[in-house]
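Engineer: no sequence for this one, just the structure:
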């Protein structure tokens, strides 16, 4: 593989990524719709410049999907590259050390060669742009070994609600042999890994209502139920003394891994003290009987993502609020269905509401858990590619995160996915000061062409 092209164009590749990172393509806020379109247009133009054909912005009921392809020989294997150009909101803004849409390189202990600090740097602009530049490199050096299709969406951070509709309507356009995704992480820069399992997701918002208006907490406090207090108790009751989730039926379909499977999972290097130090915590927390890797990879969870109500402005206002709200996410493991779990949560949450309190549960979005095979030609191609560039065979791992579209691709397109990511869990995804190592960005561009090479050879 000709890597001299990468060496000669490193600065340009970095500059182009910075241009993309400057676009505040926040999908959760309609005020940024113009920026969503700008990011999609940027990706479209760069695919055209790289040599892709039939590049277009495919309109949906929401944000456009960028599609492009290069079919060099219909008889050769085809790889469908998936990624997303939308990003998470940046709040709380005051916790960012530099502006979230002004990419800045700073050295860190984990990234001594420098990390790019910006919203979307790792999730997923930096990773998806590695595919664009890897494609350019293969085109310009005449080393493209197989057919490539790109499908880059703008709604991943809000549930990809229109992606399934697009896939169903465009099965022929999206026909391929495998989906290649870089929206995951490796264990460390010197310990490559490939995710072979993802947890599913059920995401809900709850509303608790007490009196018909905000009340004076002195006049009414103690006689009228406070929705914030009630909501806090209801959420707290969702875990028992062993930190197991108390929703009836929640664990009924959870597959318990064998001791051998748990031992295999725990072969991944992990240092508990480093983990606590990195997070600034004195102790870990979670379901009794499982360690950190198991709690975040093979066990379901329930977390309160946000809670609000009443007065939160400056100074004091003695109010007993009429309403309280919370957003709650549940990570699911194989055999747990997102719709079923959402319904179990709704029934339980409504059942534990005390008299005089009204509860509304609103389902936002969800996704199904998946486990991908580690003996498929595509996985083995990714394994060989990472071993080639990292000098070490990657370790198969299970991710605590969710990429709902992986199950969607299998259901609607009949395609398995390979999760060949290049970020790190410590890159502050979804948090202030998100970043992505310069090393990781270039390593992705270097590694991706080897995947295509080995995959094409495997399917000849």
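Structural biologist: All right, it came through fine. Note that this is a predicted model, so its numbers are computed, not measured.

Engineer: Phi first, then psi, for residue 52.
Structural biologist: Note on residue 52: its backbone torsions stand at phi -80, psi 150 [degrees, to the nearest 10].

Engineer: Now it. Nearest residue, chain neighbours left out?
Structural biologist: On the basis of C-beta to C-beta, 6 or more residues apart in numbering, the spatially nearest residue to residue 52 that is not a chain neighbour turns out to be residue 68, at 3.6 Å. Yep, even glycine has a C-beta here, placed from its N, CA and C like the rest.

Engineer: Could you check how far that neighbour is from residue 327?
Structural biologist: 35 Å (C-beta to C-beta, to the nearest Å).

Engineer: higher neighbour count, those two?
Structural biologist: In this view residue 68 and residue 327 are compared by other C-beta atoms under 10 Å, and residue 68 has more residues nearby, 24 against 16.

Engineer: Can you name the residues that contact that one?
Structural biologist: Taking C-beta atoms under 8 Å, 6 or more residues apart in numbering as the criterion, residue 68 is in contact with 44, 47, 48, 52, 53, 54, 55, 56, 149, 150.

Engineer: Could you save those as TSV and add columns showing secondary structure, distance to residue 110 and pLDDT?
Structural biologist: Formatted as TSV, the contacts of residue 68 follow (DSSP: H, G, I helix; E, B strand; the rest coil; distance: C-beta to C-beta, whole Å; pLDDT from 0 to 100):
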residue	secondary structure	distance to residue 110	pLDDT
44	helix	33	98
47	helix	31	98
48	helix	35	98
52	coil	34	98
53	strand	39	98
54	strand	40	98
55	strand	36	98
56	strand	39	98
149	strand	34	99
150	strand	30	99
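
Engineer: Could you name the helices and strands sitting against the helix or strand harbouring residue 386?
Structural biologist: When elements are assigned from DSSP states H and E, residue 386 belongs to helix 377-390. Secondary structure elements in contact with helix 377-390, counted by 3 or more C-beta pairs under 8 Å, 6 or more residues apart in numbering; DSSP states H and E, are strand 178-181, strand 193-198, strand 417-419, helix 438-458.

Engineer: Which one of these lies nearest to residue 39?
Structural biologist: Taking C-beta to C-beta as the criterion, residue 39 comes closest to helix 438-458 out of the helices and strands packed on helix 377-390, the separation being 17.4 Å.

Engineer: mind listing what's buried in that closest one?
Structural biologist: Neighbour-count burial for helix 438-458 flags 438, 440-456 (criterion: 16 or more other C-beta atoms under 10 Å).

Engineer: From the contact counts, what lies against it?
Structural biologist: Contacting helix 438-458 under the criterion 3+ C-beta pairs under 8 Å, 6+ apart are the following elements: helix 4-21, strand 78-84, strand 115-117, helix 126-140, strand 178-181, helix 377-390.

Engineer: Would you give the sheet partners of the helix or strand following the second one, along with the direction of each?
Structural biologist: Remark: after strand 78-84, the chain's next helix or strand is strand 104-106, criterion DSSP H and E. The sheet places strand 104-106 alongside strand 115-117 (antiparallel), with pairing taken from DSSP bridges.

Engineer: Please point out which parts of stretch 222-233 sit buried.
Structural biologist: So stretch 222-233, judged by 16+ other C-beta under 10 Å, has buried residues 225, 226, 227, 228, 230, 231, 232.

Engineer: what do you get for stretch 62-73?
Structural biologist: By neighbour count, and taking 16+ other C-beta under 10 Å as the criterion, the buried residues in stretch 62-73 are 62, 63, 64, 65, 66, 67, 68, 69, 70.

Engineer: how long is it from one end to the other?
Structural biologist: This stretch, stretch 62-73, spans 33 Å end to end (C-alpha to C-alpha, to the nearest Å).

Engineer: now, which of the contacts of residue 68 sits nearest residue 260?
Structural biologist: Here the nearest of the contacts of residue 68 to residue 260, counting by C-beta to C-beta, is residue 149; it sits at 38.4 Å.

Engineer: my guess is the closest one contacts residue 77, does it?
Structural biologist: No - Residue 149 is not in contact with residue 77 according to C-beta atoms under 8 Å; the separation is 11.4 Å.

Engineer: how about low-confidence regions in this protein?
Structural biologist: Scanning the chain for pLDDT under 70 picks out 1-2.

Engineer: Could you chop it up by domain?
Structural biologist: In the assignment given by automatic domain parsing, the structural domains of the chain cover 4-198+369-458, 200-254+300-367.

Engineer: which residues touch the closest residue to residue 292 other than its chain neighbours?
Structural biologist: Excluding its sequence neighbours, the residue lying closest to residue 292 (C-beta to C-beta, 6+ apart) is residue 284, at 6.0 Å. Residues counted as contacts of residue 284 (C-beta under 8 Å, 6+ apart) are 272, 275, 276, 292.

Engineer: what's near enough to touch the closest residue to residue 301 other than its chain neighbours?
Structural biologist: Distances taken as C-beta to C-beta, 6+ apart put residue 331 closest to residue 301, at 4.6 Å, once the chain neighbours are dropped. If a contact means C-beta under 8 Å, 6+ apart, then residue 331 has 199, 200, 201, 300, 301, 303, 400, 402 as its contacts.

Engineer: swap in residue 460?
Structural biologist: The contact partners of residue 460, by C-beta under 8 Å, 6+ apart, come to none.

Engineer: State the distance from it to residue 454.
Structural biologist: Taking C-beta to C-beta as the measure, residue 460 and residue 454 are separated by 11 Å.

Engineer: Report the secondary structure element holding the residue sitting furthest away from the middle of the chain.
Structural biologist: Relative to the average C-alpha location in the chain, and by C-alpha atoms, centre = their mean, no residue lies farther out than residue 219, which sits at 47.0 Å. Residue 219 is part of helix 217-220 when elements are defined by DSSP H and E.

Engineer: Which one of the domains of the chain lies nearest to residue 262?
Structural biologist: Taking C-beta to C-beta as the criterion, domain 4-198+369-458 is the member of those that comes nearest to residue 262, at 10.9 Å.

Engineer: what number of residues lie near residue 421?
Structural biologist: Under the neighbour criterion other C-beta under 10 Å, residue 421 is assigned a count of 23.

Engineer: related to what we said a few turns ago, possible to save the contacts of residue 68 as CSV with distance to residue 433?
Structural biologist: Putting those into CSV (distance: C-beta to C-beta, whole Å) gives the following:
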residue, distance to residue 433
44, 29
47, 30
48, 33
52, 33
53, 39
54, 38
55, 34
56, 35
149, 34
150, 29
